[in-house]
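K.L.:
predicted model, plus sequence, below.
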Amino acid sequence: MTNHWADLQHAKVFLIEGSNTAENHVIAMKWIRKAQANGAKIIHVDPRFNRTSSIADVYARIRPGADIAFLSAMINHILEHKLYDEAYVKLHTNALLTVNDAFGFEDGVFSGYDHEKHKYEMASWSYATDKKTSKPQKAASLDDPRTVFAKLKKHFSRYTLQVGSEISGVPAEQIKEIAELMANNKPGTILYALGMTQHTVGIQNIRCYGILQMLLGNMGKAGGGVNALRGEPNVQGACDMSVLNGYMFGYLNYPNHNEPTLKDWTKNNGTFRAKFAVNGMKAWFGENATADNDFGFAWLPKKSAKKDYTLFGIFDAALAGNMKLLWTVGQNPMVTNPNLSLVQDALGKLDMLVVQELWETETAAFWQRPGVDPKTIQTEVVLLPAAYFMEKEGTISGSGRLVQWRYAGVKPPGEARTDIEIFDAVFKKVREAYRGSTDPKDEPLLKAVWNYPADGRSEAVLKEINGTNLKTGEMIGGIGELQPDGSTSSGVWIYAGCFKGGKNLTKRRDMKDHASGLGTYPGFAWTWPGNMKILYNRASCDANGKPWPNTKPVIWWDEGEKKWKGNDTPDVPVPTDGPETPNGQKAFRMNGEGVARLLAGPYKDPGAKPEDLPRDCSYTPKDGPLPEMYEPIESPVVNVLHPNVQVNPCVKYPRVKGKQPIGTVKDFPYVLMTSSIAEHWCAGSTTRNVPWLNELAPEPVVEIPEQLAKKVGLQTGDKAKVSSARGEVVVKAVVTKRMQVMKINGQDVTVVWMPYNWGFKGLSTGPSTNYLTIDAVDPGAGTQETKACLVNVVRAERAEAVARR
Amino acid sequence: MSNATLIDTTKCIGCRSCQVTCKQWNDLPAENTALQPGLGLQNPRKLSASTFVVIQSTEVDDAKAPGGLKYVFSKRQCMHCDEPACASACPVTALHKTKEGPVVYDDAKCLGCRYCMWACPFGVPTAEWNSLAPKIRKCTHCFDRLSQPAPEERNGQALSDEDRKRFAAAHALPACVKQCPAGALQYGEREALLEEARARMAAAPGKYVDHVYGEHEAGGTGMLYLSPVPFKELGFPEVGTKSYPAPTRVALGAVPPAVVGVGLALGGAYAISKRKLEVEKAEPEKRDHHVEFAPLQKKLWTPANIVLAALMAFGAGSFLARFALGLGGATNLNDTYAWGLWIVFDLVWIAVAAGAFATAGLIYVFQRKDLYSMGRSAVLMGLLSYSFVTVTLLADLGLPWHFYQLGLQAPEHSAMFEVSWCVGLYVTVLLAEFLPVPFERWGLSKAMTIWKKYSPWYVVFALTLFVYLLSRSVAYAGAALLAFAFLAYNFRTKDGEKPQPILLAIAAVTLSTMHQSSLGSLFLLMPDKLAAQWWSPVMPVNFFLSSIAAGTALIVLVEMWIAKAWKRQLRTTQLAAMGKVAFFALVVYEAFRLGDLAVRGQLASAFTGPKAGLFVAELLLGGLLPLALLASDKLRRSPGLLALGAALSCGGIVFNRINVVIFAMKLPGTMPTYEPSAYMPSVFEWGVSVGLIAATIFLFGLGARLMPVLPKEETASH
């Protein structure tokens, strides 16, 4: 979340798309309700009328996978009718910056596309830079055709309300209504979750949100923002640490094979981030990390550009026999991964599978799944009994980046141990095995600092994450104290300051709100970075550092004290650099440009020392600098915008021949969307072992519209066979008005929904929906397209009768 | 201050965390469920002993609503009525309304009578059918949370006063309210919540229907609902706005003065009758009513008695099975039919056993010495009947070992409490009435002396106690004490006089009047369930009057059966006399009943509305036909017609009781689906009832053989 949970109360309009907030982020409703009581409007865009729709003021039914068409039509309407916040756009975005003349978009692809490699050469997307300063050139007016803004307008101009409606199924009038509701009620917030990210266009879906909120001037303000509702528990914390395959600690890029030295890495990432990498390596390798040895950069694992490190790459590799051992911790891919047939085959190719879990999950028991002879599977499976979160202490980071210490409530039962105990024991044992090795590849193991006391181990780790001033031995008080020379350490730079003054600030429990009533509760636990509740809050002010009119003041420039002050930690590079300085106008200082990127091309910001290195580099999506509507890999309709480029051109699918069939609308006429439910969480490994939850949601179902039920002769409670190109499952049907057949380009499109939380283990068992879903992934984020694939639905009895004949 | 919860269904998001948190706080097991076709999200289907809260989901088409659909979630649980029918029903205050608002339950007091389950207009209380000690279970508005102390420390640190206050405040909420993330539930002072509800309605015109469900329903409830659609569409019952316990309160309020009044009136009647008799006696005696009694000289093990013994054995086995398997295991009773065959049996049996008090009253109070010959058999029949009703109740109660709570608790207006005490005391009176028979048989003259001396004073004690228990007023109890002591003193047996159990007879009639009528009062809590032809605020009077008709008719039948079974002389004169009493009792009853319907303007609809067929059948076969058959002395002297008339009269009232419990009673089933479960008595239920009927008949025969119960058969012609 750019903002945080309690901040939702300040929103005047909510666009909830790609999230069933009421069901899957139930507690958010506390604040949404508060806003609604103050007159806020709730817009819910979803293919399925669900519990969130029930509380919405506007409900728009959208076809799964057509979000970009819908959002682009909204963006176009806002651009066409000048509903954007011009002052904000000019000040805080790259709208006025001029773009390379070579940039273009034609026949469904952006300039620089390599049809052979399914990849872009991105250079043409960059700015037209000033030869002397290497900085982007800034135009005087938004009307200048060279500007980002002009490119933006041109790109989105194809998305008229009519086009948006024909593709997405949302009526043109309703797209207009929603766009105007957003434009007329500010600040407004956008809430999303996996409904938006689990697509082959996941990143571009969210890019639409960024563009929309920038145009409306909603970023950085109380009640605004783009808010990802993260999964519980601790998805946010896991990502902050280094669990995402592309990132190390604090979202720093993992080095690639072509970045053997820190300098090489810095060339692509900038000196600004290199400082944090150095601090991280100091935390990892301690005194072994010195300026002379690049602070141990050589010991960091390097990614090969040829390999796929995503969750899906792991199983592809295992299937190909290229992976010997897989250790899964708190994850149950035999339920949650799409295309489970591939997963189960891949697991069977491993030499060894280690599962660290509370229960024997479907993954741990894959070798004895129904219908399989265990003798045919050679994989050795080790189940490590792990402790539940209530049984261990440590921090959990929420979606609002609130890092909260939790105490162990009870001791783990039996032989169960906390994750940290298991990792500690394994690491020490492994290192022991390599003791005395001179092989360079073993150096990382031998050089790493690993001395956490058995008593208070978690807190020792948090101290290491926070970092230390190695000269004074004091705890780091904030990111500003971190040095590039190895004199400080910080395991995860964004967490620097959580142990300020030697006190574990995540343990704070002050229930008092800030005097401003902004809902920041600054004394409750601690928020990264620097206890900042609203990211980019500099954007809540105008060029002079004054809060925009009609907004709740978040921060401001205090002319008397000559510093940025406010009701929240100011998000500025240097608190004493005023609006007259370049640093005083960097509302989006995590971008090289210092402003938000409507068009996201490659950019390396100069101005570092030494001068051959960039100061900072901006992230560029692999699949385009602007969002473009591409159909899901399995779609019931043709991409009317560019029939020859039906799907995201950067997606490679199938990756594994024979295991990743693509179904067609002829055989599989309906669209399946899947999701989790309020009653069961994710794989259900935990929740399906809670009888109270099983009572509420006892079995998986398929929700179908009445029209389809009539057509195939299904009634609620009947067993339906749902099949895709990848598999089939039999579950009970729920016939409901909440699902409806949609009209897409004059064609009937039927959408059905299934929860994916079941498997063959636990107290409540049922077929896994993910035997049906497709494992095509977003080229940038590696998220699977579980929100849209093609299926067929028939009555189970009838299907069996046919099979017998 | 009475607290309530405001449930705004437009705010509920159906997350059902209230359902789970309720189970957590109350430590309730999960139910084994499956997808509920037709109920959408809802699961389980209804409230039960392990589910106190259910979230209902309703999809309502509405073209104007976003998405053309209103998807409404309504949290259903106990309504916590301001004047709860369940608490009014409870004979031991196990269920009671606290001054704070919640209607709470104390299982240590509960008898397991399940009257609350029948009484509740919302179908809320449920029983633990699977338990050998089945408690009643329902939402208690988390009354037990209010008294939870704040913890001393948290995470090793002592809590500040402020934190402790916060903890306490957080705890002082029902678990569901505390849990609700959507602000759909608000707990607080009822009046303030009503204001809040009205404010919300005013602030958003068109958002809500113009109705706060619970504001007036059933006299006002502690659960107040706001809804975007009419409550009928959500399946909320239309329970009216009247307080359910009000008619019972009126009826039971009349009991203490009635006891004193009836007692004094009977005393007066006795004095007048006696005086009249003395005047008559002054003249030459026309007739000698002296009857001698003797044990029956017949062998015991007749084929009929062997059959009865077998049935008794079956009954005993069933009775044991009831306790070995529990109520749930041995019976087919369920949350809809919390009462079944046994209650029908009790109601019927008590009604027909009214012959005992009617006969005693006629003989002693009204000095109808001509009926004296029937006295002993009537009392024995009554004693056996009432004893076995008590045994049936023992089987029927879920927690019979808590019976002593009847002596410790003081419910305000529970018909069940009244009936329990009244029947209990009446059994002792019946026993006292019958004791002279064994004393005489076995020559226990000392016991007889004690009985003569103390039985009137026992009556004084019993009636005074009864009045006190019902009124909890020393003044009333004092009045009763004075009145009955006055009677006991005045009617004491003077030296040389033949003792007459006049005080016992007065007690028998008084107590019977009270409990026969209060059996009717039991149903005053169910105006919504019982068809209009049967439900009436004067049902207690109906029940009383009909019991006299039934009881006297049964005496006729029993006497005729005795004569036939044991080949004895048919005492036509006495039978005809009793038949005449039965006739007039029936006249009064039917006239009163029809008059009541007419006065309340329901006479026409009684013959045309729902259940008219049953009503007409009851009236024709059990009323007009027997009245015609028993209309004149000539007819009554014809044994065949008399038997038929008495049987129809008796049968009509049996039919009436069955109608009240079964056919005219519409049980809605349990909240929120209101799908009544079917009920057919189990083999063990039949076993207990049939076994006890067999035991009554068998023991009556045995008693008649052992003791001088029946008149000595006169060898000479009459």
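P.N.:
Happy to help now that I have it.
K.L.:
starting at the chain centroid, how far to the helix or strand encompassing residue B:6?
P.N.:
Per DSSP states H and E: residue B:6 is located in strand B:3-8. In terms of C-alpha atoms, centre = their mean, to the nearest Å, the centre of strand B:3-8 is found 33 Å from the chain centre.
K.L.:
as CSV, could you dump the C-alpha coordinates of it?
P.N.:
This file holds the C-alpha atoms of strand B:3-8, laid out as CSV (Å, rounded to 0.1, in the frame of the first residue of the first chain):
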residue,chain,number,x,y,z
ASN,B,3,-28.8,-2.8,26.4
ALA,B,4,-29.4,-4.0,22.9
THR,B,5,-27.6,-4.6,19.7
LEU,B,6,-28.4,-2.6,16.5
ILE,B,7,-27.9,-4.8,13.5
ASP,B,8,-27.6,-2.8,10.3
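K.L.:
ok, and what's touching it?
P.N.:
B:74-75, B:80, B:100-102, B:141, B:174, B:176-177, B:183-190, B:193, B:196-197, B:200, B:214, B:221-226 (C-beta atoms under 8 Å, 6 or more residues apart in numbering or on different chains). Heads up, the C-betas are built off the backbone N, CA and C, glycines and all.
K.L.:
what lines up beside that strand in the sheet?
P.N.:
Strand B:3-8 sits in its sheet next to strand B:185-189 (antiparallel), strand B:223-226 (parallel), going by DSSP bridges.
K.L.:
ranges for the helices of the stretch 551-700 of chain B?
P.N.:
Applying DSSP state H, counting those that start in this stretch to the stretch 551-700 of chain B gives helices spanning B:572-599, B:603-608, B:612-619, B:625-629, B:633-636, B:639-658, B:683-706.
K.L.:
dump those helices to CSV, plus distance to residue A:346, mean neighbour count and mean pLDDT.
P.N.:
Formatted as CSV, the helices of the stretch 551-700 of chain B follow (distance: least, C-beta to C-beta, whole Å; neighbours: other C-beta atoms under 10 Å in any protein chain shown; pLDDT from 0 to 100):
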stretch, distance to residue A:346, mean neighbour count, mean pLDDT
helix B:572-599, 80, 20, 94
helix B:603-608, 75, 14, 92
helix B:612-619, 71, 17, 96
helix B:625-629, 86, 20, 95
helix B:633-636, 97, 16, 91
helix B:639-658, 70, 22, 94
helix B:683-706, 59, 21, 95
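K.L.:
which one of those lies closest to residue B:303?
P.N.:
helix B:683-706 (12.7 Å; C-beta to C-beta).
K.L.:
just checking, next helix/strand downstream of the closest one?
P.N.:
Downstream of helix B:683-706, the first helix or strand assigned by DSSP H and E is strand B:710-711.
K.L.:
helices and strands around that next one, which ones?
P.N.:
Here strand B:710-711 touches strand B:293-294, helix B:372-396, going by 3 or more C-beta pairs under 8 Å, 6 or more residues apart in numbering or on different chains; DSSP states H and E.
K.L.:
looking at those, which one is packed in the most?
P.N.:
Greatest average neighbour count among those goes to helix B:372-396 (a mean of 23), per mean count of other C-beta atoms under 10 Å in any protein chain shown.
K.L.:
for that helix, packing partners?
P.N.:
Helix B:372-396 is packed against helix B:303-330, helix B:341-352, helix B:355-360, helix B:415-434, helix B:539-565, helix B:572-599, helix B:683-706, strand B:710-711, with contacts defined by 3+ C-beta pairs under 8 Å, 6+ apart.
K.L.:
average pLDDT across the third one?
P.N.:
Read that as helix B:355-360. For helix B:355-360, mean pLDDT rounds to 89.
K.L.:
show me what that helix is packed up against.
P.N.:
Counting contacts by 3+ C-beta pairs under 8 Å, 6+ apart, helix B:355-360 packs against helix B:372-396, helix B:415-434, helix B:502-521, helix B:539-565, helix B:572-599.
K.L.:
quick check, residue B:391 in contact with residue B:692.
P.N.:
Yes: between residue B:391 and residue B:692 a contact is recorded at 6.2 Å, counting by C-beta atoms under 8 Å.
K.L.:
how many residues are close by residue A:382?
P.N.:
12 (other C-beta atoms under 10 Å in any protein chain shown).
K.L.:
any idea how far it lies from chain B?
P.N.:
Residue A:382 sits 32 Å away from chain B, going by C-beta to the nearest C-beta, to the nearest Å.
K.L.:
helix or strand for that residue, which one?
P.N.:
Residue A:382 is located in strand A:380-385, with elements delineated by DSSP H and E.
K.L.:
low-confidence ranges in chain A?
P.N.:
Residue ranges of chain A with pLDDT under 70: A:232, A:797-805.
K.L.:
middle-most residue in it, spatially?
P.N.:
residue A:197 (6.7 Å; C-alpha atoms, centre = their mean).
K.L.:
quick one, phi psi at it?
P.N.:
When read as degrees, to the nearest 10, the backbone of residue A:197 gives phi -100, psi -30.
K.L.:
sorry, back to before: and the helices and strands packed on strand B:710-711 as TSV, adding mean pLDDT and distance to residue A:608?
P.N.:
Shown next, in TSV, are these (pLDDT from 0 to 100; distance: least, C-beta to C-beta, whole Å):
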stretch	mean pLDDT	distance to residue A:608
strand B:293-294	90	124
helix B:372-396	92	90
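K.L.:
and of these, who's closest to residue A:387?
P.N.:
Closest approach to residue A:387 among the helices and strands packed on strand B:710-711 is made by helix B:372-396 (50.9 Å; C-beta to C-beta).
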